[in-house]
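Enquirer: Sequence first, predicted coordinates after that:
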Amino acid sequence: MPDMNENQLMESTEKKIKVERKEGEPTGAFKGASWAALVVGVASYLIGLFNASMELNEKGYYFAVLVFGLYAAVSLQKAVRDKEEEIPVSGIYYGLSWLAVIVAIGLMGIGLYNAGSIILSEKGFYGMSFVLSLFAAITIQKNIRDTQVARDRD
């Protein structure tokens with residue numbers, strides 16, 4: 001092996017350490033932040049729900065709305081992305097995806113509006129945790145899709 005000067009050796013070492021990111025692929029920091037937002041949103045929502053002084057059926061309602069909302073948000077993101085990339089999406093699936101997100105947000109809003117056992121600050125807490133969780137789920141789905149597309153280009 002020919003003699004390498006110090007700069008060449010450092011450049012060679014840096015190239016080995018640096019992880020190659022494909023064009024269009026989200027950064028590791030963005031992926032991590034998205035997962036952290038989902039974990040924080042869902043965990044805080046569930047911890048708040050567990051510690052709430054409401055009836056068990058109310059807790060079940062808010063849990064079901066969260067799960068429904070997360071699924072609906074990911075489904076909508078997929079349908080919108082598929083349509084944008086000209087992957088066939090039936091009109092009924094696309095419409096139902098939008099409807100499901102609207103219904104989930106509506107159920108959360110109606111539930112919080114009518115909740116007499118929850119003080120206003122708790123209502124805000126549940127609303128913000130819910131929205132953070134939905135946004136994070138959409139972002140994670142987008143990151144997964146962007147990573148997949150970037151790696152399929154090669």
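Expert: Ah, there it is.
Enquirer: going forward, measure contacts between C-alpha atoms and count neighbours the same way
Expert: Noted.
Enquirer: which residues sit against stretch 133-145?
Expert: 25-26, 31, 34-35, 37-42, 69-70, 73-74, 77-78 (Cα atoms under 8 Å, 6 or more residues apart in numbering).
Enquirer: how far is the longest helix belonging to the chain from where the chain is centred?
Expert: Taking DSSP state H as the criterion, the chain has its longest helix at helix 120-152. Mean-position distance between helix 120-152 and its chain equals 2 Å (Cα atoms, centre = their mean, to the nearest Å).
Enquirer: All the helices of the chain, in order from the start?
Expert: 6-17, 28-51, 56-84, 91-114, 120-152.
Enquirer: could you dump these to a markdown table with mean pLDDT and mean neighbour count?
Expert: Shown next, in a markdown table, are the helices of the chain (pLDDT from 0 to 100; neighbours: other Cα atoms under 10 Å):
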| stretch | mean pLDDT | mean neighbour count |
| --- | --- | --- |
| helix 6-17 | 60 | 11 |
| helix 28-51 | 95 | 16 |
| helix 56-84 | 95 | 18 |
| helix 91-114 | 96 | 16 |
| helix 120-152 | 93 | 18 |
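Enquirer: Spatially central residue in the chain, please.
Expert: The chain has A137 as the residue nearest its centroid, 1.6 Å off, counting by Cα atoms, centre = their mean.
Enquirer: quick one: that residue and W98, what's the gap?
Expert: 15 Å (Cα to Cα, to the nearest Å).
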